[in-house]
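>>> Need coordinates for the below:
(2 chains)
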Amino acid sequence: MSQPQLLQITGNLGAAVGIAVDEQKNRLFFVEYVAGKLKQISIPPVCGLGTSIPSCSNTISTIASGLVHPEDVQVDLNQGCAYVTTRDDPGTTGKLWKINLSNGSKTIVAYNLGGPQQLFLDTSQNQAYTVGYNDGRLRLIDLMTGAKKPIITSLHSPVGLVVTNDRRYAYVAEQGPPAQISKIDLSTGKRASQFGYVIRDGVGGISLVAPFFLAWTDDSQNALYIAERDPANIVSRLNLITLQKSTVGASLPWPFRPTGVAVNNTSFPRYLYVTTNTEIVRVELNSWDFPNLPVFLGVGHVPSSRISPDGYADTHLDVGQPFQVIDAPFGGTLDMFGNLTNFINSAATHYEILMSRDWGPFLPISIAWNTYHWNTSTLSYDLVAVAPEPNTTRYKIPKETFDQNFHPELWYPPYLILRWTSAENGFYRFKVKLYAGANPISPDPLPANLNILPLRIDNTPQDVKIESIWQKVPPDTQIHPCNIVSTGDNKFYFNITANDPNNHLLNWSLVALWGDNMSKAVDSDDYLKHYSPPSRSWGGISNTNVPIPIPANYWSANENCAHTFYLGSWKRTIDGYNYILYRNYHKSITINNLPKLVVIPIPVQPLPP
Amino acid sequence: MPPFSKYLNVPAYSEEALTWCGPATGQMIMEGYPSGKCQILQEDVNAAILSNKTETMWDTDPVGLKNAMSKLCPLPPGHGWSIFDSIDPTKLMYYAAYYIATNSYPVAALLNTFPHHSSIPSHSEHWVSITGIVTDVTPVGNPSVSLQFVRFNDPVTPNLGNTVWPRTVSAAYWYTYLLKPVTKAGSSYIGKYIAVIEPPVATGTAKAPAERLIGRVIPPREALRFAARWISEYKLNEIQPYQTLSESEPLEPLLVNKDRGGYYIIPYIQRKPEKTAQPTIFINAYTGAFQEIGIVKPTEYVAEEEAIRIGLQQLGKARPRSVTAELVFPPDEATYARYFPIWKVVADKETIGIEQKKTVRINMR
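Residues are numbered from 1 along each chain as shown, chains lettered A, B, ... in the order given. All right, here's what the predicted structure looks like:
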């Protein structure tokens, strides 16, 4: 895995703390604790780093001064203002200020905040959250009235704070001791983790030193960046799903006291900006961190994002897509496609696919399949075998001999990482593990939330049978196959079964065939008529008389002839390309009881003379 | 007979949110318990009010405030907070005077239910804590007293976070301009004056003459003479925190609302170089009667010429045929804002308001 690069944006600062990114105008806002100022600085590409001209360092300007130990800044660019927490205002226990970005004028939004630290702004609700280092409170603040609502009052020297997009949880960096990252339920004010913390210094091999401000790594919100001050002096990344914590660029020369963190997720490459005691530095993220890219591309024609967490395909709202299915389980032989490009960019040479059935353990798969590979000599696709490396479960990511690069266009289909013949029904989950040679890549560079492919497997065929044919003579009389019906009413009904015990039936249809390519529907049904989310269940019918008696409860023949009644039914099971489970059944009888058409000649009267 | 007076030592806090005059009042009262201060964060007082209130149209309703104080800081055994409501303000003030005289506890009083923050029109209640009273005779044993002064801590400040200083007003001003019955639609207290106090053990009335609202305006020099008289007669310069009057000089009186409800603002500026607080005296513009003394941060009032210049600039009138300017303030706004009246500038029948912060107010009548 390549190392991220750390570059200085500017130096000579007086204890820079909070930082915010204006991605539109390529600038940073930050506060200096000692100088008591809110400042802004331009960032590339509108200026350059180092000795470039114009130098970003020369673009620093003061927006507001006279702030008493400011801690954090967040900006509401639509309103043209910044919000700043200050810690040591005389006569109060800290304030939240609203500062006009144009003229630097300040107004108090709220005060007596217990030593406020990191700020989370929720402009959609006109409110903000902050934590009080001195009084251990997490507060919700109404930006209009200044009203404060204490959410939890028992934090241990809290400093860092982020809130989830759904506003259900906050993650707080507590300096303790012990230092820990905690998850707080914002509706109940309770700690939402099993032990009261997400990670804690000294527990489970975790080291967490003087944690300061936090930032989401990306919009998936499955990981955090944590600034850790001296003596650690690092920025770390915490995966909230695996709880793995790693140092961002283990060998990076982090300046003294990393404090504030902000991520520019809209740029490419993505950047992490960090304030330190005297500097602002920038780290390029994309060289080692691909949290937004898919791991599994899809199964057959079904994209991975159209597969529900319980393993069903649903493309029925994708207008114009030729393969439209709904609540479809998988079965048969499945082509799984993966992001081999990203695997390589994550320094992988091999991958392993792990499979779990019905929430059992993930175990590696070791199977072989054939696929096509372009032969640059014969100029044709050759059928080649794909298999794990000998005596392992690792598949080598193919690189071409002519340039040692991966060329997906030389494979058909491209990006195929597994062709798996499913068998037993169940709920399966697949995930990818990357290797550099024989060694697993650690920490896992793949985002945990995207590294799961859930598949519901159902290979059980449906039951399809015409149980019996009945004529309403009257009385109702069963007509056996090959019987000839010569008397009674022209009224028939059918007792049929079109049933899937796993409740994955797609449709059934009963049709009468006779004569010269003649046909007439008897009855039919399909899943969409029974579609009722969140239920995915519809099993069809068993031993049921059709036509269903609405409005008529019988079927009538159009003419005397031998008739074959044909019952067909599909299940929703797909292999990613097609439905795969179809069953049919037929019975034949002869209907000869319709009235004959008799032509009676009309006598011709003689004309009058 | 010398008048009876009782001033309590109650800390003064401003509201920490624009809707929190109730919680701030509760906080001040609990910290003013003579039995020992009970310190509760204002946000916790607010949380207790919200969980106890019974009338949703209030930010702080009387039940919420009463129960919050009862639960957060119970009174000594044998005592308990109660809601006193009456259609007669003199009965309410009598019992407030009686209670302060006998128990030395501050009283939560509802001044009125008018909106007082333009940005939060839904907030229409104004709670204060009464911390002192002056009557002609002690209310204990005298069921009919003449109320002379009321001292109270008003948590509603011009800007969030401003320092609160005690306001001392004449009883006439208190009854005429400040204390008003509930007008909140849907409230069970409509038409009543409200205080949170202990259940009454004595009844009576505390009356005062009404303020004169119209008349011939006395000249500024006479206003100054009246102010000096009240300082001397009421010994205002001996009362905390107005002692700086002794080392201060009055500035030019500012006439506000000359046509109706007129008053003079007379700021006093300290002779010493450090100026941290500025005593200000208000007198009736028609009678010269004392209305109020309070303290604000040293304020440089906008001069008439400056107000006209700003107004004409805003109106885009370089050479108007006629231009006038006068200080105005809505007489019913019972907040500190009366310390900072607005210049109403009329040029060629177009009107604009200039606030003391030199900001413009366009919705002037």
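>>> Where does the prediction get shaky in chain B?
Under the criterion pLDDT under 70, the flagged ranges of chain B are B:1-2, B:272-276, B:331-335, B:364-365.
>>> In terms of residue numbering, what are the domains of it?
B:4-207, B:220-296, B:304-361 (automatic domain parsing).
>>> any idea which of these is most buried?
domain B:4-207 (a mean of 20; mean count of other CB atoms under 10 Å in any protein chain shown). Just so you know, the C-beta spots here come from the backbone N, C-alpha and C atoms, and that holds for glycine as well.
>>> just for the stretch 51-200 of chain A, where's the confidence low?
Scanning the stretch 51-200 of chain A for pLDDT under 70 picks out A:51-52.
>>> Find the nearest non-adjacent residue to residue B:302, please.
residue B:356 (5.6 Å; CB to CB, 6 or more residues apart in numbering or on different chains).
>>> Residues of chain B that sit close to chain A?
B:16-20, B:41-44, B:46-47, B:119-120, B:123, B:159-161, B:163 (CB under 8 Å from any CB of the partner chain).
>>> at 7 Å instead, please
By CB under 7 Å from any CB of the partner chain, the residues of chain B that approach chain A are B:16-20, B:42-43, B:46-47, B:119-120, B:159-161.
>>> what distance separates the start and the end of stretch B:127-142?
End-to-end distance of stretch B:127-142 (CA to CA, to the nearest Å): 28 Å.
>>> and that stretch, how far out from the chain's middle?
Put simply, stretch B:127-142 sits 16 Å off its chain's centre (CA atoms, centre = their mean, to the nearest Å).
>>> Now, the residues of chain B next to chain A that are in strands?
Using DSSP state E to define strands, no part of the residues of chain B next to chain A is located there.
>>> Dump those residues into TSV; add distance to residue B:289 as well.
Formatted as TSV, the residues of chain B next to chain A follow (distance: CB to CB, whole Å):
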residue	distance to residue B:289
B:16	35
B:17	36
B:18	33
B:19	34
B:20	33
B:42	36
B:43	41
B:46	38
B:47	43
B:119	34
B:120	33
B:159	30
B:160	33
B:161	33
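>>> Just the ones in helices from these, please.
B:42-43, B:46-47 (DSSP state H).
>>> Pick out the most distant pair among the residues you listed.
Farthest pair in those (CB to CB) is B:42 and B:47. Separation: 9.8 Å.
>>> and the residue of the stretch 451-600 of chain A found nearest chain B, how far is that from residue A:312?
As assessed by CB to the nearest CB, chain B sits closest to residue A:534 within the stretch 451-600 of chain A, at 36.0 Å. According to CB to CB, to the nearest Å, residue A:534 stands 11 Å off from residue A:312.
>>> Could you give the number of residues near residue A:53?
If you count neighbours by other CB atoms under 10 Å in any protein chain shown, residue A:53 ends up with 7.
>>> Show me chain A divided up by domain.
Taken from automatic domain parsing, chain A resolves into A:10-284, A:296-457, A:463-591.
>>> now for these, which one comes closest to residue B:267?
domain A:10-284 (23.1 Å).
>>> So what would you say the end-to-end distance of that closest one is?
16 Å.
>>> Over to stretch B:79-99?
Termini of stretch B:79-99 sit 12 Å apart (CA to CA).
>>> Same list (the domains of chain B) but as a markdown table, adding distance to residue A:421.
What follows is the domains of chain B, written out as a markdown table (distance: least, CB to CB, whole Å):
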| stretch | distance to residue A:421 |
| --- | --- |
| domain B:4-207 | 62 |
| domain B:220-296 | 85 |
| domain B:304-361 | 77 |
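>>> ok, residue A:43 - contacts?
By CB atoms under 7 Å, 6 or more residues apart in numbering or on different chains, residue A:43 lies in contact with A:9, A:26-28, A:56.
>>> same deal with residue B:281?
B:227, B:230, B:266, B:293.
>>> please redo it, this time with the cut-off set to 6 Å
Counting by CB atoms under 6 Å, 6 or more residues apart in numbering or on different chains, residue B:281 touches B:227, B:266, B:293.
>>> Go ahead and confirm the last one touches residue B:168.
Yes. With contact defined as CB atoms under 6 Å, residue B:293 counts as touching residue B:168 (5.1 Å).
>>> Could I get the full set of helices for the chain?
Chain wasn't specified; assuming chain A. For chain A, the helices defined by DSSP H cover A:340-345.
>>> actually it's chain B I care about, not the one you picked
Using DSSP H, the helices of chain B run over residues B:21-31, B:42-52, B:62-72, B:89-103, B:171-173, B:220-233, B:304-315.
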